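Trainee: pasting the structure only:
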């Protein structure tokens, strides 16, 4: 199918997710080589057509021929269905499109805590803070991480006491309360507080994803619990490094990484 011509995506250059999928559209032949433009350049070039507030939260796709603009999931659907016509009835179904828009909003409003970047050259394309979607992100990432940790604990049989889902939930969400309370005590602004908590839960999510290969191996092979314990601590080290990086990116206090470790040490003492 032909490439979508005369259309330009205005993407957030400081968002690794946005940069990746917009570049992917071009590489896949869905958009031509001039099919994306940085948000900063785009709002100057097409300022008379774009809703600046909306385009910070939902990526704008500008029809350069007539000046019309679509946003967010509708932009994605327009690009995809132009290339893959057979998907048009599915993706334009009212129920499907509604669900996709909710998923898009969930990712978009949390994109700065999902994929962090040191390249914050502009604050023009920072999404609005949405408490509902941030709390949902904390919940989803916490449930996923707790479930993975519960299953991983079975691989550490004989080294740690038997776990259960309630205990894992308490540990995971307890860290939110622990770190959050410290930040509240020093009178951190609400948005900065939830930016940190979002980044912290992304670190937990990364840890859970890194444990998945060991869980798969454990399902098919019998290895020593010591090996799984060593791998677990290697993952924790990776998480600590990632935590430090993210704290630095959001200009948070360095000691947050150490209170993060302190909480885990206190939990370990209680469990053992």
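Mentor: Noted; the coordinates are in hand. Note that the coordinates shown come from a computational prediction; the quantities given were computed from them, not determined experimentally.
Trainee: contacts and neighbour counts: CA atoms only from here.
Mentor: Will do.
Trainee: SS state for residue 166?
Mentor: Following DSSP: H, G, I helix; E, B strand; the rest coil, residue 166 is assigned to helix.
Trainee: Count the residues that sit near it.
Mentor: 12 (other Cα atoms under 10 Å).
Trainee: Could I get the full set of helices for this structure?
Mentor: 16-27, 39-45, 52-57, 72-83, 88-91, 94-109, 111-114, 131-153, 165-185, 190-220, 225-249, 256-271 (DSSP state H).
Trainee: Which of those has the highest mean neighbour count?
Mentor: helix 111-114 (a mean of 22; mean count of other Cα atoms under 10 Å).
Trainee: Now do it: everything it contacts.
Mentor: The contact list for helix 111-114 (Cα atoms under 8 Å, 6 or more residues apart in numbering) reads 15, 17, 126, 195-196, 198-199, 202.
Trainee: go with 10 Å
Mentor: Helix 111-114 is contacted from outside by 14-18, 57, 105, 107-108, 126-127, 134, 137, 194-203, 205-206, 246, 250, using Cα atoms under 10 Å, 6 or more residues apart in numbering.
Trainee: pLDDT (mean, whole number) over stretch 52-69?
Mentor: Per-residue pLDDT values over stretch 52-69 give a mean of 89.
Trainee: and the end-to-end length of that stretch?
Mentor: 12 Å (Cα to Cα, to the nearest Å).
Trainee: Run the chain-centre distance for it.
Mentor: 23 Å (Cα atoms, centre = their mean, to the nearest Å).
Trainee: show me where pLDDT drops low in the stretch 101-250 of the chain?
Mentor: In the predicted model of the stretch 101-250 of the chain, residues 117-124 satisfy pLDDT under 70.
Trainee: hmm, try it at 90
Mentor: 115-128, 157-163, 219, 221-222 (pLDDT under 90).
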